[in-house]
Structures are given as C-alpha cells and as structure tokens.
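In: For reference, the sequence and a predicted model appear below.
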Amino acid sequence: MAIVSELRLRAIAGPTLSCDVVHPFPAVVFSTGGYTGNVFHEFNDGIIPLYLTAHHHNRNVVLLILDHHNWWVSRYAEILSRISRFPPINFSNDSRTHCFPSATVGLHIHDDLTIDPTQTPLNNSIIRFRKFLDDAYAPRLRWLEVAEKPNLVLVLRNGSRTVENEGDLVAMATEMGFRVGILRPEKTTELASIYRVMNGSDVMIGVHGAAMTHFLFMRPGAVFVQIIPLGTEWAAETYYGAPARRMGLRYVAYKVRVEESSLWREYGREHPVVREPAKINARGWEETKRVYLDRQNVSLDLGRFRRTLEGVRRYLDGGRPPGPEEAEEEAESRQK
C-alpha cells in the first residue's frame with residue numbers, strides 16, 4: 001500500500017553497533033498510515049491489531065510508529081497508555097540507534113473488528129477488548145445517573161446516507177418514551193466524549209457507515225439498530241452486524257425498502273440501480289461507493305420503523321427484540 005511506508009530489515013556483519021538507547025523491553029513496530037482518518041480503519045487496521053500484538057506484554061513494550069501522526073497519537077492517548085507504559089517513538093524521525101531484546105514488525109489481525117481467542121496468547125476476546133476500553137477511559141468518564149427513560153443515541157451523518165426525516169424520527173422516539181441524544185462525530189471530536197455517550201446508551205441507531213464502529217463503546221446487552229441502505233447489505237453485516245453480535249450486543253438490521261431510499265426518486269423503481277443492486281456491486285468497489293454510499297440518503301417509513309422501536313422497547317422492558325422478519329410479520333398481521 002503506497003500510503004504505508006516500507007520498513008527494510010538489513011543484516012549487518014562485523015562489530016556490534018553501539019546503542020544510543022538500550023531498552024530492556026521488546027518493541028512493536030507498526031504504521032499509522034493507511035486509511036487513518038476513518039474510524040473503522042483506525043480500529044480495524046490499527047487499535048485492535050495493536051491490542052492483539054502487544055497487550056500480553058502487560059505494558060512492558062515500546063511502540064515504534066512509522067508514518068507517525070501527532071493527531072493520531074493524541075486521539076488514542078488513553079488507549080496507547082494502557083498498551084505501553086512508555087511514550088510512542090516516532091520511528092520515521094528518530095536518528096538514534098535503539099537496541100531491544102526482541103521486536104515484532106507489523107500487527108496481527110484476525111477479521112473485521114474481531115478477535116479470535118484461540119489465536120491470542122492470553123485467550124483474549126472482543127469482550128475483553130471492550131473491558132480494556134473501559135479501563136482506558138474510566139478515569140475520563142463522569143458516570144451517568146441511572147435514567148428513568150432508556151437512553152437512545154441517534155448517530156447522524158453529514159453528506160451522504162443522511163436520514164432525511166431525522167426530526168420526525170427524534171420526535172417519534174421521544175414520544176415512545178426514549179431519552180434521545182444526537183451524535184454527529186467529527187474527526188476532531190474527542191474520543192473520550194464519544195465513549196462516554198455510547199457507554200451510557202441503551203440503544204444506538206445509525207445508517208451504515210464508519211461511525212457504526214462506535215458500537216465497540218456500548219455495553220454488552222445494549223441494542224444496536226443499523227439502518228441498511230440499498231446495496232449495502234453485505235458490508236453492513238460483515239463489518240458491523242456480525243462483530244456486534246460477537247461482542248454481546250442485541251443487533252437489529254433495518255433494511256430500507258425501495259421507497260425509503262433516495263435512489264428510488266432519482267432512478268425510478270425499474271432501474272437496475274434500484275432493482276438489482278447485486279449486479280451494480282459486481283462492477284467493483286468504486287461503483288458501489290459512487291452509487292450506494294456517496295449518492296444515497298434514506299427517508300424512513302416511520303410507521304414501519306416504529307414497529308422496530310417497539311420491539312427494542314419490549315426487550316429493554318424485559319422481553320426480547322424482534323428480528324426484522326418478525327417485525328414485518330407483526331406489521332402484516334396488524335393490517336389484516
């Protein structure tokens with residue numbers, strides 16, 4: 001990948017080199033290049049693999065960063081301090097000779113936002129990673145009082161994949177007895193503040209996109225409702241749905257109908273973009289991104305979405321949430 005620097009390893013014969021800095025602990029060398037700036041990739045390609053690779057050293061490890069970004073180190077400072085007791089070293093801009101007893105070059109990765117316990121030294125899991133995040137951010141959290149109403153966080157986007165009738169959605173959820181908060185995460189939003197909001201939530205609702213990565217900040221047993229636009233079913237399930245279930249969340253996939261997508265108004269019901277998303281996706285990622293990610297918004301059928309929220313509320317009140325198929329069956333039975 002051109003945006004990740006190459007690290008060359010050279011064997012040097014002859015006398016032992018003199019060390020400017022001698023470290024008693026091992027090193028882990030990794031890059032913060034790649035797709036940093038996108039929270040999904042920051043966790044999927046960076047934070048979780050770093051946890052997998054270095055956490056078993058019990059903070060007795062030195063982090064050497066290629067493609068060093070000050071903003072990245074600052075943004076993830078709480079997490080990095082739980083992985084290593086030492087400040088990260090900007091390896092691209094350090095001319096000293098560092099000596100280590102051993103070094104790991106590159107990071108381990110299992111799957112999308114996933115940890116396979118059988119492949120880790122300490123049988124770590126995504127549940128333990130969630131506890132690790134709690135430990136990292138606990139000193140920064142102001143604990144929320146127990147609310148009489150369930151906390152629902154609506155994660156909204158700017159640009160594409162917006163909820164066009166978000167105001168009506170907020171009003172409906174409020175009327176149904178939820179305490180509604182709105183989160184519009186930006187690149188400059190402090191991660192600890194996002195963690196506090198999500199950690200205190202009972203429900204998160206959002207349209208498929210990178211911000212759904214924040215389900216990692218929710219407590220196991222909370223409800224994650226992902227609104228899935230046309231043409232994004234596979235990505236929504238692979239990147240967020242399956243990992244959320246593995247973390248112990250109650251996951252609900254709300255697949256928008258044709259009439260809820262702005263593509264219906266733009267192309268018409270019979271156009272292949274609307275009728276046959278699989279064929280459009282088969283043309284490759286760039287076409288999928290252009291059509292279904294960058295040019296699609298949703299306008300929710302509030303009657304239909306209300307039934308999803310009713311299922312969520314029943315679960316929070318001690319029942320169980322219906323899946324999308326069950327919600328549709330209930331809707332049809334009520335109309336008969």
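Out: Sure thing, it's come through.
In: quick one, what contacts F43?
Out: Counting by CB atoms under 8 Å, 6 or more residues apart in numbering, F43 makes contact with L113, T213, L216. From N, CA and C alone the C-beta is placed, and that goes for glycine too.
In: try it again with 10 Å
Out: Neighbouring residues of F43 by CB atoms under 10 Å, 6 or more residues apart in numbering: P49, L50, Y51, Y76, I79, D112, L113, F129, A210, T213, H214, L216.
In: Find the nearest non-adjacent residue to T32, please.
Out: W72 (4.7 Å; CB to CB, 6 or more residues apart in numbering).
In: Would you mind measuring from V225 to R219?
Out: Counting by CB to CB, to the nearest Å, the gap between V225 and R219 amounts to 15 Å.
In: is it true that H55 touches L107?
Out: No: judged on CB atoms under 10 Å, H55 makes no contact with L107 at a distance of 11.5 Å.
In: Look at V225 and R219 and report which has more neighbours.
Out: V225 (22 against 15; other CB atoms under 10 Å).
In: Could you confirm the more buried one falls within a strand?
Out: Yes: assessed with DSSP: H, G, I helix; E, B strand; the rest coil, V225 lies in a strand.
In: what residues are up against it?
Out: V225 touches 152, 154, 203-206, 250-254, 305, 308-309, 311-312, 321, 324, counting by CB under 10 Å, 6+ apart.
In: How about C99?
Out: T16, L17, S18, C19, D20, V21, V22, H23, P24, A27.
In: List the beta-bridge partners for it.
Out: V22 (DSSP bridges).
In: Mind checking which of the contacts of C99 land in strands?
Out: V21, V22, A27 (DSSP state E).
In: Pick out whichever of those residues sits closest to N297.
Out: A27 (46.6 Å; CB to CB).
In: quick one, what contacts L50?
Out: L50 touches 28, 30, 32, 43, 63, 76, 79-80, 83-84, 107-109, counting by CB under 10 Å, 6+ apart.
In: so where is the stretch 51-200 of the chain shaky, pLDDT-wise?
Out: The model of the stretch 51-200 of the chain has pLDDT under 70 over residues 140, 142-147.
In: Now do the helices in it.
Out: Taking DSSP state H, counting those that start in this stretch to define them, one finds helices in the stretch 51-200 of the chain at 70-75, 77-83, 126-137, 166-175, 191-199.
In: got TSV for those, with mean neighbour count too?
Out: Output for these, formatted as TSV (neighbours: other CB atoms under 10 Å):
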stretch	mean neighbour count
helix 70-75	14
helix 77-83	18
helix 126-137	17
helix 166-175	16
helix 191-199	19
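In: who wins for proximity to E260 among those helices?
Out: helix 166-175 (11.9 Å).
In: other SSEs contacting the closest one?
Out: strand 151-155, strand 179-183, strand 203-207, helix 302-316 (3 or more CB pairs under 10 Å, 6 or more residues apart in numbering; DSSP states H and E).
In: Quick check: which of those is buried the most?
Out: strand 203-207 (a mean of 25; mean count of other CB atoms under 10 Å).
In: one step back: I'd like to know which of the ones in strands among the contacts of C99 are buried.
Out: A27 (16 or more other CB atoms under 10 Å).
In: Looking at the ones in strands among the contacts of C99, which one is closest to E259?
Out: A27 (55.8 Å).
In: Name all residues that make contact with N93.
Out: I65, H68.
In: cool, S18 as well?
Out: T97, C99.
In: same deal with A103?
Out: Here A103 is in contact with L9, H23, P26, A27, V28, V29, V61, V62, L64 (CB under 10 Å, 6+ apart).
In: circling back: can you list the helices and strands packed on helix 166-175 in TSV and add distance to P243?
Out: Conversion of these to TSV gives the following (distance: least, CB to CB, whole Å):
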stretch	distance to P243
strand 151-155	16
strand 179-183	19
strand 203-207	14
helix 302-316	20
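In: I'd like to know how far the most centrally placed residue in the chain sits from Q296.
Out: Centroid-nearest residue in the chain: T213, 1.3 Å away (criterion: CA atoms, centre = their mean). In this view, T213 and Q296 are 20 Å apart by CB to CB.
In: G303 now?
Out: 21 Å.
In: related to what we said a few turns ago, among the helices of the stretch 51-200 of the chain, which comes closest to S92?
Out: Here helix 70-75 is closest among those (CB to CB), at 12.2 Å.
In: what pairs with the residue nearest to V170 when sequence neighbours are not counted across the strands?
Out: Spatially, and ignoring its direct neighbours in sequence, V170 is nearest to V180 (5.3 Å; CB to CB, 6+ apart). Here V180 shows beta-bridge partners L152, assigned using DSSP bridges.
In: which ones are touching V180?
Out: 149-154, 169-174, 203, 205.
In: and which of those is nearest to S193?
Out: Of the contacts of V180, the one sitting nearest to S193 (CB to CB) turns out to be V153, at 12.4 Å.
In: Looks like the closest one contacts I182 (just checking).
Out: Yes: counting by CB under 10 Å, I182 is a contact partner of V153 at 7.7 Å.
In: which neighbours do the two share?
Out: Between them, V153 and I182 share the contacting residues V197, judged by CB under 10 Å, 6+ apart.
In: Show the backbone phi and psi for the closest residue to H56 other than its chain neighbours.
Out: Distances taken as CB to CB, 6+ apart place P121 nearest to H56, at 4.3 Å, with adjacent residues excluded. With angles defined as degrees, to the nearest 10, P121 sits at phi -60, psi -30.
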